[in-house]
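Peer 1: Below: sequence and its predicted model.
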Amino acid sequence: MNKVLMSGNHVIGEAAIRVGCRFYAGYPITPQNELTEYMAEHIRNAEGGVFIQSESEVAAINMIAGASAAGLRVMTSSSSPGISLKQEGISSMAACELPGVIVNIMRGGPGLGNIRPSQGDYFQATRGGGHGDYRTIVLAPASGQELADLTMAGFDLSDKYRNPVMILADGMMGQMMEPVIFKKPRPRVYSEKFMLRGAGTGKSKFIRGLLLDPIDSEEHNWKLARKYEVISKTETRFEEYKIDDAQMIIVAYGTAARIAKGAIKRLRVNDKKVGLFRPITLWPFPEIELRELSSKVKHYLVFEMSTGQMLEDVRLSLQGYADIKFHGRPGGAVPTPAELANVIAKFYDKND
Amino acid sequence: MVKTVFKRPKSLKENVFHYCPGCGHSIAHRIIAEVIDELDIRGITIGVPPAGCAVLAYNYFDIDMIEAPHGRGPAMASAIKRSLPDRVVFSYQGDGDLAAIGIAESFHAANRGENITIIFINNAVYGMTGGQMAPTTMLEQKTTTSPLGRNRTLDGYPVKVSEIFSRLDGVTYLERCMVNSPLNINKTKKAIKKAFQCQIDGLGFSLIEILSPCPTNWKMTAFNSCKWIDDVMSKDFPPGVFKDNIGQARKNAEDR
């Protein structure tokens, strides 16, 4: 297939439909409305495709939980305040082991904040977000192409582990237009035994998260924990950029990583040896890979469009083996690569 | 040879109900199961139990079921039905579940005219959590959170779900029933059967409200609870058919 020029929100929708998403429910919120609109227009053209504009984000997440139980590939999307509302259902899907993809096109917060790109939802996304002992797999795309690839991968991972997957992007990713190639999706692998489609002539089944017996409930929690351990060991993704000779490494994800790349290119012209470590999975965080890097490089600068959230995971990963600095632009502020290059240069020069 | 005149419906499991003596849930469960048997839809029916006393309904119904978070049953049921249009899908909800925390999900499922059925158990109190004030608690009714009786100034008024929902264009069939006497139980069963048939025929949204005794939280005997429904509750919540658009819906379907 040829390259097509599409906005990020449309790319997610198109990738989802191509990979077999047949149920979408959502509620309007900026800056992700184009995704809801894309699904309204296109998912019904796919056989069996269902679109519901829900009465709220709470309803939307519970709708996708229902359709997921019925055996469909499902997705919902929103932006920060709406994702807060979805947490009840995300927790419930994790408890009931229902697959589904949740897209968060982050905006400035807390509260209603603003509609500018931001990365303030890292904690919420990577720590579960809702109540109880659970995790969601969190994928952080940094380009239009990755929006397509990771959306498709998100559905596969969600089915494989029967766990909700979150695509964590921001208003910049959602609104920006880039050329994209949609790869051929892999056929779905998901057993019918997990689907609730009427008992037929057989034994009836039920899907539940309520486990009144604490020993049963404890075992269920450990079962989920074992699953998360497997995910942590096998599903981390990351990108390294110009780290071979690096004296200093920027750790950033998503849009921030993209800005950091631009900054690094400028710094390299001035002979400042700076590289980038970009986590693609935020949970599981590429902890081991980052720690290994600390045997070679001793100076790290975490850059986020927040007051410092991934910073905590970087500290946990590096375990004191390296020096960690932080630069943040929260609340919807987005620096230019040139501006960030100046900031990095100051930190870099102090290290010399 | 002795003729069997009464037996457990096939759509009910062998488990003993955990419901309190005199509770209306057991009766509602049984007649729903009888309707499922009579319509021969056990294999294609999917039920969505609520949070509340009936959260364990899947221990009793021998059909496929999925638990909904508190109030979200109609959202889940809508999605299941849209995903599997040839299945029979119902949500089973209490008054807190439907008329308080889940009013948006219920209202909009009704307004979209989803081809599902809601069984709405109204016992004017939060049962499972120990008898707090429900959206349907009547004025002056004492509960653990309205210890002096529901006060119109402070607590507002009982929500009349059937009266409100019957005004929505998306609703095809809506009836309020009671399960406090053999006669009323039979009427309720007939209404549930009609609602399920409405769905099977693809005619749209149906809701059966059931005034149901809660002797434990009403602090009454089972007998007095049944009497209280007649004497007090049914005055605020009069039984009857609030909407029957089945004929018109059938005509519309045929015209299409």
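Peer 2: Arrived safely.
Peer 1: quick one, what contacts residue 227?
Peer 2: Since you didn't name a chain, this refers to chain A. The contact partners of residue A:227, taken as Cβ atoms under 8 Å, 6 or more residues apart in numbering or on different chains, are A:161, A:163. From N, CA and C alone the C-beta is placed, and that goes for glycine too.
Peer 1: Actually, chain B is the one I wanted.
Peer 2: residue B:180.
Peer 1: ditto for residue A:40
Peer 2: Neighbour list for residue A:40: A:51, A:53 [criterion: Cβ under 8 Å, 6+ apart].
Peer 1: hmm, try it at 6 Å
Peer 2: When contacts are counted by Cβ atoms under 6 Å, 6 or more residues apart in numbering or on different chains, residue A:40 is found next to residue A:51.
Peer 1: what number of residues lie near the one residue in the stretch 151-256 of chain B that gets nearest to chain A?
Peer 2: With Cβ to the nearest Cβ as the measure, the residue in the stretch 151-256 of chain B that lies nearest chain A is residue B:170; the distance is 12.4 Å. Here the count is done by other Cβ atoms under 10 Å in any protein chain shown, and residue B:170 has 15 residues near it.
Peer 1: Which of the three states applies to the residue lying closest to it once chain neighbours are set aside?
Peer 2: Setting aside the residues directly before and after it, residue B:170 is nearest to residue B:113 in space (Cβ to Cβ, 6 or more residues apart in numbering or on different chains), at 3.3 Å. Secondary structure, DSSP: H, G, I helix; E, B strand; the rest coil: residue B:113 is coil.
Peer 1: How about the one 5 residues further on?
Peer 2: Look at residue B:118: counting by three-state DSSP, its state is strand.
Peer 1: coming back round to it: and the residue of the stretch 151-256 of chain B closest to chain A, what does it touch?
Peer 2: By Cβ under 6 Å, 6+ apart, the contact set of residue B:170 is B:110, B:111, B:112, B:113, B:205.
Peer 1: State the distance from it to residue B:203.
Peer 2: For residue B:170, the distance to residue B:203 (Cβ to Cβ, to the nearest Å) stands at 12 Å.
Peer 1: List the buried residues in the strand or helix carrying residue A:219.
Peer 2: When secondary structure is defined using DSSP states H and E, the element that contains residue A:219 is helix A:214-234. With burial defined by 16 or more other Cβ atoms under 10 Å in any protein chain shown, the residues of helix A:214-234 counted as buried are A:220, A:224, A:227, A:228, A:231, A:232.
Peer 1: residues contacting residue A:71?
Peer 2: Applying Cβ under 6 Å, 6+ apart, one finds that residue A:71 lies in contact with residue A:195.
Peer 1: Quick check: it is in a helix.
Peer 2: No - with the criterion set as three-state DSSP, the secondary structure at residue A:71 is coil rather than a helix.
Peer 1: quick one: pLDDT of it?
Peer 2: pLDDT, the model's per-residue confidence, is 98 for residue A:71.
Peer 1: What are the boundaries of the helices in chain B?
Peer 2: For chain B, applying DSSP state H gives helices covering B:24-39, B:73-83, B:95-96, B:103-111, B:152-155, B:161-165, B:182-200, B:215-218, B:222-228, B:234-236, B:246-255.
Peer 1: Reformat those as CSV; add mean pLDDT.
Peer 2: Formatted as CSV, the entries for the helices of chain B read as follows, by pLDDT from 0 to 100:
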stretch, mean pLDDT
helix B:24-39, 98
helix B:73-83, 98
helix B:95-96, 97
helix B:103-111, 98
helix B:152-155, 97
helix B:161-165, 98
helix B:182-200, 98
helix B:215-218, 97
helix B:222-228, 98
helix B:234-236, 97
helix B:246-255, 94
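Peer 1: Could you identify which of the ones you listed is most buried?
Peer 2: helix B:73-83 (a mean of 30; mean count of other Cβ atoms under 10 Å in any protein chain shown).
Peer 1: between that one and helix B:182-200, what angle do the directions make?
Peer 2: Put simply, helix B:73-83 runs at 40 degrees to helix B:182-200, going by axes from the mean of the first three to the mean of the last three Cα atoms, to 10 degrees.
Peer 1: name the helices or strands packed onto helix B:73-83?
Peer 2: The helices and strands touching helix B:73-83, judged by 3 or more Cβ pairs under 6 Å, 6 or more residues apart in numbering or on different chains; DSSP states H and E, are helix A:57-69, strand B:45-48, strand B:88-94, helix B:103-111.
Peer 1: For the ones you listed, give me a markdown table that also has distance to residue B:70.
Peer 2: Below are the helices and strands packed on helix B:73-83 laid out as a markdown table (distance: least, Cβ to Cβ, whole Å):
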| stretch | distance to residue B:70 |
| --- | --- |
| helix A:57-69 | 10 |
| strand B:45-48 | 12 |
| strand B:88-94 | 10 |
| helix B:103-111 | 10 |
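Peer 1: among those, which is the most enclosed?
Peer 2: Each of the helices and strands packed on helix B:73-83 was given a mean neighbour count from mean count of other Cβ under 10 Å, and the largest, a mean of 31, is that of helix A:57-69.
Peer 1: Name the nearest residue to residue B:218, ignoring sequence neighbours.
Peer 2: In space, and not counting its chain neighbours, residue B:218 is closest to residue B:225: 5.6 Å by Cβ to Cβ, 6+ apart.
Peer 1: so who does that neighbour touch?
Peer 2: Going by Cβ under 6 Å, 6+ apart, residue B:225 touches B:22, B:213, B:215, B:218.
Peer 1: ok, it to residue B:23 distance?
Peer 2: The separation that residue B:225 has from residue B:23, given Cβ to Cβ, amounts to 9 Å.
Peer 1: cool, residue A:92 as well?
Peer 2: Shown here: residue A:92 relative to residue B:23, a distance of 26 Å by Cβ to Cβ.
Peer 1: Surely residue B:102 and residue B:71 touch.
Peer 2: Yes - shown here, residue B:102 and residue B:71 form a contact pair, counting by Cβ atoms under 6 Å, at 2.4 Å.
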